[in-house]
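Asks: Got a sequence here, can you build the structure:
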Amino acid sequence: MDVNTKRVVHFAVTRAPTEAWTAQQLREATPFRSGPQVLLRDGDPKYGTAFDPVADGAGIEVIRIAPCAPRMNAVVERFLGEVRRECLDHVIILGEQHLRSVLGQYVETYFNTMRPHQGIGQRIPVSPPRQTCNDASRVVAIPLLGGLHHGYRAA
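Replies: So this is what the prediction gives:
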């Protein structure tokens with residue numbers, strides 16, 4: 001997640017994350033050295049010897065947060081809580097592929113492009129071009145995740 005824009009730039013799903021899998025996710029999230037300057041991570045063993053060289057190669061400074069200090073990574077902690085409260089608590093997940101699909105729709109269609117965020121002044125991370133709507137009755141609701149959430153656009 002980009003801390004400044006509150007935009008989720010990459011997510012992935014696996015049953016058993018390993019050191020190699022985590023390093024591969026960093027490669028996919030930072031193609032052509034286009035990643036962040038700083039990356040916060042916890043002390044989990046899945047960020048082992050394979051992860052740091054990938055970060056160094058992408059020009060990313062890795063900062064390890066202290067154990068039992070969730071406030072050091074508050075933006076991601078809040079995001080994960082929102083994913084649970086706004087999405088996963090309301091959906092029965094039927095498998096890894098289903099989880100990938102639900103999270104993809106939540107993150108890419110709702111969180112990044114329709115949901116306003118307090119941390120950026122109630123703006124949307126990936127805002128579509130502004131449309132003017134002269135008639136209030138011309139606003140339509142777009143149901144997402146089977147109607148769990150709605151986005152609103154000019155008709």
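
Asks: rest of the way, CA atoms for contacts and neighbours
Replies: Noted.

Asks: Return the distance of the helix of greatest length in the chain from the chain's centre.
Replies: For the chain, the helix that runs over the most residues, judged by DSSP state H, is helix 74-86. Relative to the chain's own centre, helix 74-86 is displaced by 9 Å; criterion: Cα atoms, centre = their mean, to the nearest Å.

Asks: tell me the mean pLDDT for it?
Replies: Average pLDDT, helix 74-86: 90.

Asks: Flag every buried residue along that helix.
Replies: For helix 74-86, burial by neighbour count (16 or more other Cα atoms under 10 Å) applies to V75, V76.

Asks: Okay, angle between whichever helix or strand comes after that helix and helix 74-86 too, please.
Replies: With elements assigned by DSSP states H and E, the helix or strand that comes after helix 74-86 is helix 96-104. On the basis of axes from the mean of the first three to the mean of the last three Cα atoms, to 10 degrees, helix 96-104 is oriented at 110 degrees to helix 74-86.

Asks: any idea of the mean pLDDT in helix 96-104?
Replies: 94.

Asks: Just the buried residues of it, please?
Replies: L99, R100, V102, L103, G104.

Asks: cool, and stretch 110-118?
Replies: Within stretch 110-118, the residues that count as buried by 16+ other Cα under 10 Å are Y110, F111, N112, T113, M114, R115, P116, H117.

Asks: low-scoring pLDDT stretches of the chain, where are they?
Replies: Within the chain, the ranges that satisfy pLDDT under 70 run 128-137.

Asks: Please enumerate the helices of it.
Replies: For the chain, applying DSSP H gives helices covering 19-29, 51-57, 74-86, 96-104.

Asks: Check which helices and strands the first one sits against.
Replies: Think helix 19-29. Judged by 3 or more Cα pairs under 8 Å, 6 or more residues apart in numbering; DSSP states H and E, helix 19-29 is in contact with helix 51-57.

Asks: which parts of the helix it packs on are buried?
Replies: For helix 51-57, using 16+ other Cα under 10 Å, the buried residues are F51, D52, V54, A55.

Asks: Widest-spaced pair of these?
Replies: Greatest spatial distance in those: F51 and A55, 6.4 Å, computed using Cα to Cα.

Asks: shared neighbours of these two, which are they?
Replies: L26 (Cα atoms under 8 Å, 6 or more residues apart in numbering).

Asks: where's S34 relative to Q25, distance?
Replies: 14 Å (Cα to Cα, to the nearest Å).
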